[in-house]
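> Could you work out the structure for the sequence below:
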Amino acid sequence: MSVIESIILGILQGITEFLPVSSSGHLVIAQKMVGLDSKQLLFSVVVHVATLSATLVVLRKQVIQIISAACKRPSTKTLQERDDTQTFYWIVITTIVTGLLGFLLKDFFQAQFDSIEKVATCLMVTGIILFLPTWLKPKQSKYSHQIGPKNAVLLGLAQTLAILPGISRSGTTIVTCLLLGLKRKDSGEMAFLISIPIILAALLLELLDLHGQLTVPLLQLTLGFLAAFTAGWISLHYLLRWVRNGELHYFGLYCWLAAAILFIV
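Next up is the predicted model:
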């Protein structure tokens, strides 16, 4: 992997991990069409650590509040801490659903990464998903702690679907939150809060699979990390703003355009 490739893939990961256009789908496209090697396992771990770090930095206040509330004794919790504890429970349920289904269907999901046509089809689906709030105009009145166990399971199913290359994890989970009635601000934040534990678990599994695959030079790893973190930090800030303004459907147009190009070429 060259220095230029590491920077390009880092930026690509940082942008597409947060913007609702599917990071896995774009990395498959980069590998198949541009010839970039997106299967360097160590590099993949590093850029995912970078985007996870960006998530923790941007949402640090919410993360600290939720973890602190969950660790406090019930008798000493304020009303806000009880709400944050409920949010913690829903995140746990969502993580269990995604982790269990992801493990059981691992072979199926891995088989979907070998075809540009499959990515294009999934991008078309993502475009439709991103337009659902515009078409259905769901009423947003709930906060994240009001999700409830059944809706937490639905969020887990949505996050599982997004393992498919071309299905945007952020877009699918944000739209699911909106359709469940969450306020726009809470929908954007919740979508990324539920991603933290599942990405951590995936990173741990990838680390176990490394087996000495330390073949990427330190310079490329460092540049890839910095590129992914910076691009991710900027992308997440803007995406949360666009969610609050109800502008997700514009990314749906991009997904349809990208899918059409892929089908043509």
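
> Ranking helices and strands of this protein by mean pLDDT, which lands last?
helix 23-29 (a mean of 77; mean pLDDT, DSSP states H and E).

> And the helices in this structure?
Under the criterion DSSP state H, the chain contains helices at 3-18, 23-29, 41-58, 60-71, 79-104, 106-111, 116-136, 149-161, 169-179, 184-193, 195-208, 218-244, 249-264.

> Compare these and report which one is nearest to Tyr143.
helix 184-193 (5.4 Å; C-beta to C-beta). Placement of C-beta: from N, CA and C, glycine included.

> and the closest one with helix 60-71, angle?
Helix 184-193 runs at 70 degrees relative to helix 60-71, counting by axes from the mean of the first three to the mean of the last three C-alpha atoms, to 10 degrees.

> Please work out the angle formed by the directions of helix 184-193 and helix 149-161.
Using the same axes, to 10 degrees: helix 184-193 against helix 149-161 is 60 degrees.

> List of residues touching helix 184-193?
Residues outside helix 184-193 that contact it (C-beta atoms under 8 Å, 6 or more residues apart in numbering): 18, 55, 58-59, 62-63, 66, 87, 91, 140, 142-144, 147, 155, 170, 173-174, 177-178, 182, 236, 239-240, 243-246.

> avg pLDDT for it?
Averaging pLDDT along helix 184-193 yields 95.

> Now it - C-alpha only, PDB.
Presented in PDB, the C-alpha positions along helix 184-193 are these (Å, rounded to 0.1, in the frame of the first residue of the first chain):
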ATOM      1  CA  ARG A 184     -34.200  14.500  14.800                       C
ATOM      2  CA  LYS A 185     -31.400  15.500  17.200                       C
ATOM      3  CA  ASP A 186     -31.800  12.300  19.200                       C
ATOM      4  CA  SER A 187     -32.100  10.200  16.100                       C
ATOM      5  CA  GLY A 188     -28.700  11.300  14.800                       C
ATOM      6  CA  GLU A 189     -27.000  10.900  18.100                       C
ATOM      7  CA  MET A 190     -28.600   7.500  18.900                       C
ATOM      8  CA  ALA A 191     -27.600   6.100  15.500                       C
ATOM      9  CA  PHE A 192     -24.000   6.600  16.300                       C
ATOM     10  CA  LEU A 193     -24.200   5.800  20.000                       C
END
